[in-house]
Structures are given as C-alpha cells and as structure tokens.
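Participant: With the input below, show me the fold.
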Amino acid sequence: MSWLMRGIRGGILTTRYPSGGDEMPQAYRGAIEALPADVDVQRRAAAACLSGAIIPSEGRAVIDPTRCFQCGECARAFPEAFQTTSTFELALTGGDPHSIQERLAKRVRTLGRSIHLRHVDAGSDGSEEQELAAIFNPYYDANRLGIFLTATPRHADVLVVTGAVTQSMREPLLRTFDAMPNPKVVIALGTTACSGGIFAAAGGAPVPVRAVLDVDVMIPGAPPAPLSILHGLWVALGRSDARGTFL
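Facilitator: As a prediction, this is how the structure comes out:
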C-alpha cells in the first residue's frame with residue numbers, strides 16, 4: 001500500500017522527450033564546442049587529443065563529432081579554445097539533412113507506427129548496450145513512442161550497431177542486414193561505431209560500421225546518453241532534425 005501511495009504522490013515520472021523540452025544537468029558532458037583561438041593552441045590541443053577529433057583551422061578548430069569521445073580533456077587543458085556543453089542531441093545524417101530526413105520519413109511511413117529495432121554488438125565495450133537498454137526502462141520508456149526491440153532481424157525495421165566492426169562480426173552483421181525486410185534503416189551507435197574510434201588509425205579491422213554497411217544515422221558519444229539515443233532514433237524516423245552531417 002505504501003508503494004501505491006508513493007506512486008500516486010510522485011505522479012508520472014517518465015520523460016516527455018521528444019515532445020518536452022528536456023535538458024541534461026550542467027555537469028553532463030555533451031558536445032564539445034570550439035572557441036575562437038590561436039592556431040598554435042589548436043595544434044597543441046589536436047596533438048593531445050587521443051581520438052584525433054580536433055582539426056586546427058583559422059579562427060576556431062573543427063571538431064569531428066564522429067571521433068570525439070566527449071572526455072572534456074581539451075576543455076580542461078585549453079579552456080581558451082574549447083568548452084564543454086550539456087548538448088545531448090548529437091545525431092548526424094549523411095548528405096543533405098533535409099533530403100535525408102524526407103527520405104527517412106518516407107521510408108518509415110511505410111513501416112507504420114510501430115518500429116522494431118534489431119541490435120548487433122559488432123565489437124563494443126558494453127557501455128553502449130547499457131545506455132541502449134536504459135531507453136526501455138520506465139523513465140525513458142521508448143515503448144510509448146512505438147519503439148521496440150526484436151530478437152529476429154526478419155521482424156526488424158531498424159538495425160542498431162554498436163562498436164567498431166571486428167573481423168569475426170563482419171559476416172554476422174551482413175547476414176543480419178540481409179535478413180531484414182525492406183525498407184530498413186541503419187544506425188551506428190557510439191563513437192567507435194561511427195568512426196572506429198581509437199582503432200581507426202591502426203588500419204584493418206576493427207572498422208567503423210559505414211565501412212561495412214551504408215549508414216543512415218550516426219549517434220556519437222562514448223557512450224551516448226539515453227536521450228541522445230532517443231534523439232537519434234527520432235532523426236532516423238524522419239521526425240526530428242539532425243545536429244549536422246557526416247561525410
């Protein structure tokens with residue numbers, strides 16, 4: 001009875017996102033913002049960036065969001081050139097954002113209101129899986145948006161891939177994709193899935209997801225927060241704007 005009364009007093013605690021204007025706490029490290037700074041400072045920061053996400057440029061550096069781990073070390077070491085933000089809407093699409101959004105929306109309209117995800121761990125460290133699982137808990141409750149997980153690719157509309165693709169997972173990933181009915185959407189979830197992360201410079205395997213499959217939406221982060229994942233799914237369904245594009 002006490003739990004019942006506690007629930008009544010607490011009311012609805014589920015996030016209203018994406019219809020509500022949810023914000024992350026200020027302590028949350030989301031997108032890293034480059035500030036106008038001397039090129040020499042930018043070069044020093046680029047040399048210190050373990051993921052190689054910083055590209056020096058006149059005026060302010062360019063940050064490759066698909067490589068950034070959002071560790072915030074650049075902002076701590078070079079506060080005159082970088083700052084952390086609590087921005088969590090990080091999803092990127094390939095090509096022109098308006099055309100990709102229209103294409104995704106058209107594709108998803110044929111799927112109906114219920115969307116099923118098939119997740120493949122192609123070589124992650126497990127952190128992305130924890131955040132992906134969190135979107136189905138009572139607070140984020142992706143089911144209320146018509147988003148569900150499925151165990152079989154034959155029932156899946158969206159393929160969510162985590163981790164850089166290892167050599168042993170390349171064939172299972174391709175077989176999963178081939179088993180999905182058309183139309184189908186591919187999401188790379190996490191920085192390593194988006195760009196290969198720290199493995200990218202090594203060459204060979206593991207490789208980013210887009211080296212194996214055409215990727216529609218990337219959700220960078222190490223790992224991305226549950227709200228970042230919900231935003232990326234909403235972008236993949238053509239119902240929200242992406243933060244930017246990837247090449």
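Participant: Please determine how far residue 137 is located from residue 231.
Facilitator: Using CB to CB, to the nearest Å, one gets 17 Å for the distance from residue 137 to residue 231. Heads up, the C-betas are built off the backbone N, CA and C, glycines and all.
Participant: neighbour-wise, which of these two wins?
Facilitator: When neighbours are counted by other CB atoms under 10 Å, residue 137 and residue 231 differ, and residue 231 comes out ahead with 25 against 11.
Participant: Where does pLDDT dip in the chain?
Facilitator: 1, 3-12, 95-101, 104, 107-113, 201-204, 247 (pLDDT under 70).
Participant: And for stretch 28-37, what's in contact with it?
Facilitator: Stretch 28-37 is contacted by residues 24, 53-54, 59-63, 65, 68, 70-72, 74-75, 78, 80-88, 90, 225, 228, 243 when judged by CB atoms under 8 Å, 6 or more residues apart in numbering.
Participant: now stretch 126-135
Facilitator: For stretch 126-135, the surrounding residues in contact (CB under 8 Å, 6+ apart) are 119, 121, 140, 142, 147, 160, 162-163, 189-190, 193, 222-226, 229-230, 233.
Participant: what's the next secondary structure element after the lengthiest strand in the chain?
Facilitator: The residue-count maximum for a strand in the chain (DSSP state E) belongs to strand 115-123. Reading on from strand 115-123 to the C-terminus, the next helix or strand found by DSSP states H and E is helix 127-134.
Participant: What residues sit buried inside the following helix or strand past that next one?
Facilitator: With elements assigned by DSSP H and E, the helix or strand that comes after helix 127-134 is strand 147-149. By 16 or more other CB atoms under 10 Å, the buried positions in strand 147-149 come out as 147, 149.
Participant: now, which of the contacts of stretch 126-135 lie within helices?
Facilitator: If you go by DSSP state H, the contacts of stretch 126-135 have 193, 226, 229-230, 233 in helices.
Participant: Are any of these buried, and if so which?
Facilitator: For the ones in helices among the contacts of stretch 126-135, buried by 16+ other CB under 10 Å: 193, 226, 229-230, 233.
Participant: of those residues, closest to residue 106?
Facilitator: Nearest to residue 106 among those is residue 233, at 16.9 Å by CB to CB.
Participant: and the closest one, what is it in contact with?
Facilitator: Residue 233 makes contact with 115, 117, 135, 142, 145, 147, 158, 187, according to CB under 8 Å, 6+ apart.
Participant: 10 Å - rerun?
Facilitator: Contacts of residue 233 were listed using CB atoms under 10 Å, 6 or more residues apart in numbering, and they are 18, 91, 115, 117, 135, 142, 145, 147, 158, 160, 185, 187, 189, 217, 219, 239-240.
Participant: Tell me the buried residues within the residues you listed.
Facilitator: 18, 91, 115, 117, 135, 142, 145, 147, 158, 160, 185, 187, 189, 217, 219, 240.
Participant: The first one reaches residue 231, doesn't it?
Facilitator: Yes. At 6.8 Å, residue 18 and residue 231 qualify as touching, with contact defined as CB atoms under 10 Å.
Participant: Common neighbours of those two, please.
Facilitator: The contact lists of residue 18 and residue 231 share 89, 240, where a contact means CB under 10 Å, 6+ apart.
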